[in-house]
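Trainee: Generate a structure from the sequence data that follows.
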Amino acid sequence: MILQSLVRYYEDLLQQNDKKPTDERIPKLGWCLARVSYMIELKEDGTVKQIISLKTEALKPQILCVPEMFSRSGKCPPAYFLCDNAKYLMGINIEGTNSDIKDRFEDSRKKHLEILKDTESILAKAICKYFEKWDPEKAKDNPKVQERWEELNDGGNIIFGMRDYYAQDDEEIQKTWEDYQERIKEGQIGKCLVTGKETEIARIHRGIKGVPGAQSSGAALVSFNATAFESYGKEQSYNAPVGKYAEFAYTTALNYLLSQKKYVKQIGDTTVVYWAEDAKPVCQDLFLAASEPTIDNQELVKGVFEDLEKGRMVEVSEVEENINLEQKFYILGLSPNAARLSVRFFYTDSLGAILRHIKEHYDRMEIVRRATDGMEYLGIWRMLQETINQKMKDKKPHAGMAGRTFEAVLSGGRYPESLYSAVLSRIRAEQDDKDAHSYKITRGRAAIIKAYLLRNRQELNMKGEDF
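Mentor: Model prediction:
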């Protein structure tokens, strides 16, 4: 269910690519977004016309869509196509050229000549001629290279181009690359558990980046790292057969969600991402506003809840169209587990139902507050802060309790007993040393106790059970 939902989200994002700037687009299978620092501008005969910096005014690399750059390791990792560093595309490093650098350049040369040998575009032929002519030993003597010697060797990615046209944007080169990808299929063929189609199965799944506590290089959502987890003679990810397309789609979609920091919530050790069925960010904005209100959007949240209560279409002033509350909304909680990710929870319901549950939670939390307190709605994060000793360095709520509380609010379910216990413990722990009967009961703690009794204990009482 999680993978299928992410694949659909990827496909919806792909349809919106034309409306987005380049650095916000989602890549197709066989492509990726990469930071690019320089372009080698070629003449038609393959000689270097000039080397152009592609860095922004803030001296940061541009983010461009280039052929896929897979993870690589080892003494002489394989070359990338059309986008790589100076060691591969020019055979140089800051110290000059040695046998290891020559091997990397030779690997890159063979790869480009093999892929582009039958491509007729002017730029493709220029790249082939470049690799046929370029001599790494004489690179430093080239005046165009001398001008940017230290910059080229800073490890940044380099691409090829002609005038203002990038090689990866050439339609013939794009088709050549995609045809090449089809030809080199080497994996097992089987039925994909996501799409249901007979296709090449992914042996290893790409890493998911952006989950605090997990490896920065990426952690696996689907993986098998020991024979104890294998069955029926299937090894690695063949145990859970996901096609290469579905594997690329779900990892790309999830990495995209985690890169949108505005929509990433941290609940204890759980990283929460969420998305709507139509992939429109306005639905994410609405959920964010409702679940974590700020002092500036109280009126907006109140207006949304009033529309829900009266059965009206929900309108947000920032967008012209009404929001479809019947569409599915997905909320995924992930926590780090060494080189892998654990799924804390995955909740799905209609957007309207989730917003109604959040409103019901706020209704239970409603309590008399000071005139100077402008926060009508205490968001989930502020609510969980009431269970924490604010004098401690690590101000994180208990991970399990935080996740279960978040689920309870979204689903309209019962609050975890640990939330009630944590609040009572905090009240007792912060009593006045001079007066044993003086307790620090904040507005938030009183509201949590009220909400807990209304939701949990009242339900038990209606069933004839004792409080």
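
Trainee: which residues of the protein fall in strands?
Mentor: Using DSSP state E, the strands of the chain run over residues 31-42, 48-53, 62-67, 83-84, 157-162, 165-166, 189-191, 198-200, 265-267, 270-276, 328-337, 340-350.

Trainee: These: which one's closest to I367?
Mentor: The closest of those to I367 is strand 265-267. By C-beta to C-beta, the value is 22.8 Å. For the C-beta atoms, the positions are set from N, CA and C on the backbone; glycine is no exception.

Trainee: who does the closest one touch, helix- and strand-wise?
Mentor: Using 3 or more C-beta pairs under 8 Å, 6 or more residues apart in numbering; DSSP states H and E as the contact definition, the elements that strand 265-267 packs against are strand 270-276, helix 380-385, helix 399-411.

Trainee: isn't Y250 right next to E11, touching?
Mentor: No - judged on C-beta atoms under 8 Å, Y250 makes no contact with E11 at a distance of 10.8 Å.

Trainee: Comparing the two, which residue is more hemmed in?
Mentor: Y250 (26 against 13; other C-beta atoms under 10 Å).

Trainee: For the closest residue to that one other than its chain neighbours, give its distance to F224.
Mentor: Spatial nearest neighbour of Y250, excluding adjacent residues (C-beta to C-beta, 6 or more residues apart in numbering): L6 at 4.0 Å. For L6, the distance to F224 equals 20 Å [C-beta to C-beta, to the nearest Å].

Trainee: out of the two, which sits in the more crowded spot?
Mentor: Neighbour count, other C-beta under 10 Å: between L6 and F224, L6 has more, with 25 against 17.

Trainee: residues touching the more buried one, list them.
Mentor: L6 sits next to A249, Y250, A253, L254 when contact means C-beta atoms under 8 Å, 6 or more residues apart in numbering.

Trainee: count of residues packed around the first one?
Mentor: Summarising burial for A249: neighbours were counted as other C-beta under 10 Å, giving 26.

Trainee: Give me the pLDDT value at it.
Mentor: Model confidence at A249, given as pLDDT, is 95.

Trainee: Check whether it really touches E11, as I assumed.
Mentor: Yes - with the criterion set as C-beta under 8 Å, A249 and E11 qualify as a contacting pair; they are 7.0 Å apart.

Trainee: which neighbours do these two share?
Mentor: With C-beta under 8 Å, 6+ apart, A249 and E11 have no common neighbours.

Trainee: Now do A290 against Q62, distance only.
Mentor: Counting by C-beta to C-beta, the gap from A290 to Q62 is 36 Å.

Trainee: out of the two, which sits in the more crowded spot?
Mentor: Here A290 and Q62 are compared on neighbour count by other C-beta under 10 Å; more neighbours surround A290, at 22 against 17.

Trainee: Sort out which of the contacts of L6 are in helices and list them.
Mentor: Within these, residues falling in helices by DSSP state H are A249, Y250, A253, L254.

Trainee: list the contacts for the nearest residue to the third one once chain neighbours are set aside?
Mentor: So the one you mean is A253. In space, not counting the residues next to it along the chain, A253 is nearest to Y10; the distance is 3.9 Å by C-beta to C-beta, 6+ apart. Y10 sits next to I26, A249, Y250, T252, A253, Y256 when contact means C-beta under 8 Å, 6+ apart.

Trainee: want to throw these into a markdown table with distance to E200?
Mentor: What follows is these, written out as a markdown table (distance: C-beta to C-beta, whole Å):
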| residue | distance to E200 |
| --- | --- |
| I26 | 21 |
| A249 | 14 |
| Y250 | 16 |
| T252 | 17 |
| A253 | 20 |
| Y256 | 23 |
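
Trainee: Report the two of those residues separated the most.
Mentor: Between any two of the contacts of Y10, the greatest separation by C-beta to C-beta is 12.2 Å, found for I26 and Y250.

Trainee: Spatially nearest residue to K440, not counting backbone neighbours?
Mentor: For K440, the nearest residue in space outside its immediate sequence neighbours is E430; the separation is 4.2 Å by C-beta to C-beta, 6+ apart.

Trainee: What lies in contact with stretch 393-403?
Mentor: Contacts of stretch 393-403 from elsewhere in the structure, counted by C-beta under 8 Å, 6+ apart, are 267-270, 333, 335, 344-345, 384-385, 387-388, 416, 418-419, 422.

Trainee: now, which of those sits nearest D363?
Mentor: Relative to D363, the closest of those is L419; by C-beta to C-beta it sits at 17.3 Å.
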